[in-house]
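*Asks:* compute the structure for the input listed below.
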Amino acid sequence: MVANVAHRGAAGNYPENTLLAFQKALAIGVDEIEFDLRMTLDGHLVVMHDATVDRTTDGTGAIGELTLAEIRALDAGGVFGERFRGERVPTWEEALDLVQGKVKLNVHLKEGGIPDGEYERKVAKALRAFRMVDDSILACNDESVGIFAEIDPRIACRIFPNGRSPEDYIQSSVEMGLRTMQPGRDMTTPEFVQKAHESGLGVHVFYADTPEDMRTYIGMGVDGVLTNYPERLNEVVSETA
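*Replies:* Model prediction:
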């Protein structure tokens, strides 16, 4: 059965990367929730995709130049729709508290890879505190894979293509001892999926939002689909069950 991965929560219908979007994804019944992590000026991890708060909140500025208090004062719902006004940017810990024991996580680490490993240590500390190590996979850069291996070998990672050819992406994932991949739409072909599976790697495609695309990728044999409309994916999966 293909894994239904709610991209930034149920982001097609709710403000992305908010607790509300995650709650709706849980209510829909998904296998995984995907979201992004960045670090504030004062060293806290918050759930946000962009490097700035401009697109998804009523504020402006780079996350790395704002304190947690400044980011928490922003509205993260009104930009998506007036009825969502009042939603806030969650912290890493708040997201973990909400989903703990309910769903698996696909966490996109937007930073990291610096030798001091501060970012990775903060990520790992919360994962362990909320007992979510075994239910999470971290999508990160190549350098972070090595850092996490030293911090806690139990932490599962996944790298991105980052300009690699399909063959190099598979080879790099195998050489790093990884179990899954997250290729983009263009890279995900029946041949790629077959080669990845032959190499012992699962394939979670980013992304499919229409029923037609979902059926196409499921037909290729992918193991997971990231989508902004997880309710649609559940319907498509039920058709083939």
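*Asks:* centroid-nearest residue for this protein?
*Replies:* residue 34 (3.0 Å; CA atoms, centre = their mean).
*Asks:* that residue belongs to a strand?
*Replies:* Yes: looking at residue 34 with DSSP: H, G, I helix; E, B strand; the rest coil, it is inside a strand.
*Asks:* what's the distance between it and residue 5?
*Replies:* 5 Å (CB to CB, to the nearest Å). C-beta here means a position set from N, CA and C on the backbone, and glycine is covered the same way.
*Asks:* burial of the nearest residue to residue 151 once chain neighbours are set aside, as a residue count?
*Replies:* The spatial neighbour of residue 151 that comes closest, neighbours along the chain excluded (CB to CB, 6 or more residues apart in numbering), is residue 124 at 4.8 Å. Counted with other CB atoms under 10 Å, residues neighbouring residue 124 total 19.
*Asks:* ok, now the one 4 residues further on?
*Replies:* Residue 128: 14 surrounding residues under other CB under 10 Å.
*Asks:* how about the helix or strand bottoming out on mean pLDDT in the chain: buried residues?
*Replies:* Least confident element among the helices and strands of the chain, by mean pLDDT, DSSP states H and E: helix 230-240 (a mean of 95). Within helix 230-240, the residues that qualify as buried are 230-234, 236-237, counting by 16 or more other CB atoms under 10 Å.
*Asks:* re the thing from before, anything in contact with each of residue 34 and residue 5?
*Replies:* Common neighbours of residue 34 and residue 5 (criterion: CB atoms under 8 Å, 6 or more residues apart in numbering): 106, 226.
*Asks:* now do the contacts for the residue nearest to the centre of the chain.
*Replies:* Residue 34 sits in contact with 5-8, 105-108, 226, where contact means CB under 8 Å, 6+ apart.
*Asks:* show me what it is bridged to.
*Replies:* Following DSSP bridges, residue 34 is listed with bridge partners residue 7, residue 106.
*Asks:* for residue 206, same thing?
*Replies:* residue 184, residue 226.
*Asks:* for it, give me its contacts.
*Replies:* Counting by CB under 8 Å, 6+ apart, residue 206 touches 7, 182-185, 226.
*Asks:* make JSON lines from the buried residues of helix 230-240 and add distance to residue 220 to it.
*Replies:* Below are these laid out as JSON lines (distance: CB to CB, whole Å):
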{"residue": "230", "distance to residue 220": "19"}
{"residue": "231", "distance to residue 220": "22"}
{"residue": "232", "distance to residue 220": "18"}
{"residue": "233", "distance to residue 220": "15"}
{"residue": "234", "distance to residue 220": "19"}
{"residue": "236", "distance to residue 220": "14"}
{"residue": "237", "distance to residue 220": "14"}
